[in-house]
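J.: From the sequence below, what's the structure:
(2 chains)
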There are 2 protein chains.
Amino acid sequence: MVFTASQLGVFDLLRESGELMSSATVAERLKTSLTGMQMLLGACVEIKVLKVEWKDGKDLYGNTEFADLFLAKSSPKSQYYTMKFLSENIYGSLQYLPEAIRDGKPQILSIYGISSNELYGALYRSNEGVQNFLRYMDEAWSLYGKEVVSAFDLSGFQLIYDLGGSSGGLAKEFISKYPNCTVTLFDLPEVMEISKKYNAFSDGSQITFHEGDFFKDPIPEADLYILSRVLVNWNDEKCIQLLTKVFTACKPGGGVLVVEPTVDEEIFGSFPAHMYAMISLLLTRGKLRKPSELCVFFNITGFKDIQFKKGNVFDVILARK
Amino acid sequence: MVFTASQLGVFDLLRESGELMSSATVAERLKTSLTGMQMLLGACVEIKVLKVEWKDGKDLYGNTEFADLFLAKSSPKSQYYTMKFLSENIYGSLQYLPEAIRDGKPQILSIYGISSNELYGALYRSNEGVQNFLRYMDEAWSLYGKEVVSAFDLSGFQLIYDLGGSSGGLAKEFISKYPNCTVTLFDLPEVMEISKKYNAFSDGSQITFHEGDFFKDPIPEADLYILSRVLVNWNDEKCIQLLTKVFTACKPGGGVLVVEPTVDEEIFGSFPAHMYAMISLLLTRGKLRKPSELCVFFNITGFKDIQFKKGNVFDVILARK
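T.: Residues are numbered from 1 along each chain as shown, chains lettered A, B, ... in the order given. Predicted coordinates:
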């Protein structure tokens, strides 16, 4: 419902006008039915994303601060594509959640009607699909990026690879915090193609692109590898396979930085972490792990000096070769 | 997610066992994957529908009182079919909400892929569809029925017709509160057929059945007509048409009892009322109305002595001929 208001442009209209507007004006400007808009605005007031004032018998609506910041598409901290992703990929698919829990397997076939059971094949069917997914991945870093890159002092790492770096949202936070580093985004060709257009970095940029599949193609040598929202989408076997490859490529004294939600030792996390877990179940072969489970991966693959930092949504783990 | 746990039988298992159970036992008894079940149980604890205790390093789960009462299918106050209706008919359809608000029209064609744009045609395509819908309609009365039938002293009415009475859930509350009345359920043949089986009233029951379409077929004479969750699903023209017919059939001194959520004069209601409004927009040609809008209908069609009683979800309006 909030996404509906966002899609119709309610929050942007109210943000840009800078003044309160009647339901009639909102409906007229956004070319919707009056009754429908009135009911939508009323519901948005109820859940406190809009505020209302009554003046001369007229209802006048405005954004709450929350809507201005996060729901208007035009805001720098907008979470529009996150809502879009959840709305288009998750809400309707929740009907397959019982099956996912029964089988312990993703339900890509039922959800997207394609025979591959890999999420990325489904999401990346079209350029628009890639773009929407990249923007969704990006939006989280406008909220949590600074927290993540500040979790540890990473200024000692020069050459950084962001494996599955997609849109470069986290990479941008890295170079802003650590101006001496360079970050190479390593992702599938179809992703890199869109990511390049989307980012349009200047020639001398500290962010560069590397096309490849990190399971199949060689991983170049570097000081630090970022695995952000990667392991959570893969099963234990694939995680160990990937970390082994990373360990081999990594310079001595280098490290790996895992960024993803985790659950604590008693399987409790935050509300977003649990929602993340349900999405993982539905769409991927991965799972939300405990820090101790991730430590096992590091130990098996040779990494040591493991440090863990709890975040608001994304936890950060640094391990060294 | 809560419905997933309900569908898989988590709440019933924990309700019936009467003791705490480990995630491994729950997964085994319900034949699901262990990882999936652990993540589901963790999420259910997070949103406080399950509770957990740790004993000898084992996680032991139990229902909260709320889950025992409302989420277990076997509870007399279960809201299982309400969750099922929302899960199967609403969550996925919310993607069509922007279109519904733009057009001010229901989106039955997009949602159900059938050419009729009437909700009931879509819901009643199969016997199972009728049955699920009836149970959904019924469940609300296990929570709010007593409040509704006690809103006014209705003991003066003997012969009552419940127009669109579907499952008879509210009718049962009526005869329990007013033992001298008889209630006739008036609904479409496909609904009455299921309702009869579903209810299996004894021969001498105070509840009887009348097959018909209240827009097309004659409405018999009675003392009181119940219109529960009916007007909210129809546009103004249809509401006036129906109330005119009811007024003509009604005995002098008789009345009509409208039961549905309303919004106050400043378009604000409860959270359930607003959700109801969104569902109306998406699925019907109706809308959530203000009491004053319903009064206009009564005035136009000849009813008088209007009394209004605010309820927790369902408001009650009595008007007399």
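J.: Residue A:300 looks like it's in a strand, true?
T.: No. Membership of residue A:300 in a strand is not supported by DSSP: H, G, I helix; E, B strand; the rest coil, which gives helix.
J.: For it, which non-adjacent residue is closest in space?
T.: residue A:240 (5.8 Å; C-beta to C-beta, 6 or more residues apart in numbering or on different chains). Placement of C-beta: from N, CA and C, glycine included.
J.: buried set for the helix or strand where that neighbour lies?
T.: Counting by DSSP states H and E, the element that carries residue A:240 is helix A:236-249. Residues A:236, A:239-240, A:242-243, A:245-247, A:249 are the ones in helix A:236-249 that count as buried (16 or more other C-beta atoms under 10 Å in any protein chain shown).
J.: domain parsing for chain A?
T.: A:1-71, A:138-320 (the TED database).
J.: so for the longest one, what's the average pLDDT?
T.: Going back to what we said before, that points to domain A:138-320. Predicted confidence along domain A:138-320 averages 91 (mean pLDDT).
J.: Just give me how far that domain sits from the chain centre.
T.: Domain A:138-320 sits 12 Å away from the centroid of its parent chain (C-alpha atoms, centre = their mean, to the nearest Å).
J.: do the same with the shortest one
T.: If you compare the mean C-alpha spot of domain A:1-71 with that of the full chain, they lie 27 Å apart, counting by C-alpha atoms, centre = their mean.
J.: That one near chain B anywhere?
T.: Yes. Residues of domain A:1-71 contacting chain B under C-beta under 8 Å from any C-beta of the partner chain: A:1, A:4, A:7-8, A:31-43, A:45-47, A:52, A:54, A:59.
J.: Can you tell me what sits against stretch A:82-96?
T.: Residues from elsewhere that reach stretch A:82-96 (C-beta atoms under 8 Å, 6 or more residues apart in numbering or on different chains): A:2-3, A:6-7, A:71, A:107, A:110-111, A:123, A:132-133, A:136, A:139-140, A:278-279, A:282-283, B:1, B:4, B:87-88, B:91-92, B:94-95.
J.: Any buried residues in that stretch, and which?
T.: So for stretch A:82-96, counting by 16+ other C-beta under 10 Å, buried means A:82-85, A:87, A:89-91, A:93-96.
J.: picking up where we left off before, and the buried ones among the residues of domain A:1-71 next to chain B, selectable in ChimeraX?
T.: The ChimeraX selection below is limited to those of the residues of domain A:1-71 next to chain B classed as buried (16+ other C-beta under 10 Å):
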select /A:1,4,7,8,32,33,35,36,37,38,39,40,41,42,43,45,46,52,59
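J.: What residues does residue A:172 make contact with?
T.: With C-beta under 8 Å, 6+ apart, residue A:172 has these contacts: A:141, A:145, A:207.
J.: for those residues, which one is nearest residue B:304?
T.: Residue B:304 has its nearest neighbour among these in residue A:141, at 63.4 Å by C-beta to C-beta.
J.: so the closest one makes contact with residue A:171?
T.: No. If you go by C-beta atoms under 8 Å, residue A:141 and residue A:171 don't touch, sitting 9.0 Å apart.
J.: can I assume residue A:214 sits in a strand?
T.: No. Going by three-state DSSP, the assignment for residue A:214 is coil, not a strand.
J.: Let me know how buried the residue of the stretch 201-321 of chain A found nearest chain B is, in neighbour terms.
T.: Taking C-beta to the nearest C-beta, chain B has its nearest neighbour within the stretch 201-321 of chain A at residue A:274, 3.9 Å off. As a burial measure, residue A:274 scores 24 neighbours (other C-beta atoms under 10 Å in any protein chain shown).
J.: Isn't residue A:206 up against residue A:183?
T.: Yes. Residue A:206 lies in contact with residue A:183 (C-beta under 8 Å); the separation is 6.5 Å.
J.: Can you check which residues contact both of these two?
T.: With C-beta under 8 Å, 6+ apart as the test, residue A:206 and residue A:183 both reach residue A:175.
J.: Tell me where the stretch 151-300 of chain A has helices.
T.: Using DSSP state H, counting those that start in this stretch, the helices of the stretch 151-300 of chain A run over A:169-177, A:189-199, A:236-249, A:271-283, A:291-301.
J.: hmm, back to that, can you tell me which of the residues of domain A:1-71 next to chain B are in helices?
T.: Judged by DSSP state H, the residues of domain A:1-71 next to chain B include A:4, A:7-8, A:34-43, A:45-46 as members of helices.
J.: Packing partners of the top helix by length along chain A?
T.: Taking DSSP H as the assignment, the helix of chain A that covers the most residues is helix A:127-149. In terms of contacts (3 or more C-beta pairs under 8 Å, 6 or more residues apart in numbering or on different chains; DSSP states H and E), helix A:127-149 is packed against helix A:80-85, helix A:119-123, helix A:169-177, helix A:189-199.
J.: CA atoms only: put the third one into CSV for me.
T.: Right, helix A:169-177. Extracted in CSV, the C-alpha atoms of helix A:169-177 (Å, rounded to 0.1, in the frame of the first residue of the first chain):
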residue,chain,number,x,y,z
GLY,A,169,26.8,1.4,-4.1
LEU,A,170,29.0,-0.1,-1.3
ALA,A,171,32.2,0.6,-3.4
LYS,A,172,31.3,4.3,-3.5
GLU,A,173,31.1,4.3,0.3
PHE,A,174,34.5,2.6,0.5
ILE,A,175,36.3,5.2,-1.7
SER,A,176,34.6,8.0,0.2
LYS,A,177,35.8,6.6,3.5
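J.: in that helix, what counts as buried?
T.: Under 16+ other C-beta under 10 Å, the buried positions of helix A:169-177 are A:169-175.
J.: Report the angle between it and helix A:189-199.
T.: Interaxial angle, helix A:169-177 versus helix A:189-199 (axes from the mean of the first three to the mean of the last three C-alpha atoms, to 10 degrees): 50 degrees.
J.: Between the two ends of stretch A:308-315, how far is it?
T.: Start and end residues of stretch A:308-315 are separated by 8 Å (C-alpha to C-alpha, to the nearest Å).
J.: Likewise for stretch A:82-95?
T.: 20 Å.
J.: Off-centre distance for it?
T.: 14 Å.
J.: On the three-state scheme, the residue lying closest to residue A:303 once chain neighbours are set aside is what?
T.: Spatial nearest neighbour of residue A:303, chain neighbours left out: residue A:319 (3.8 Å); criterion: C-beta to C-beta, 6+ apart. Counting by three-state DSSP, the backbone at residue A:319 sits in strand.
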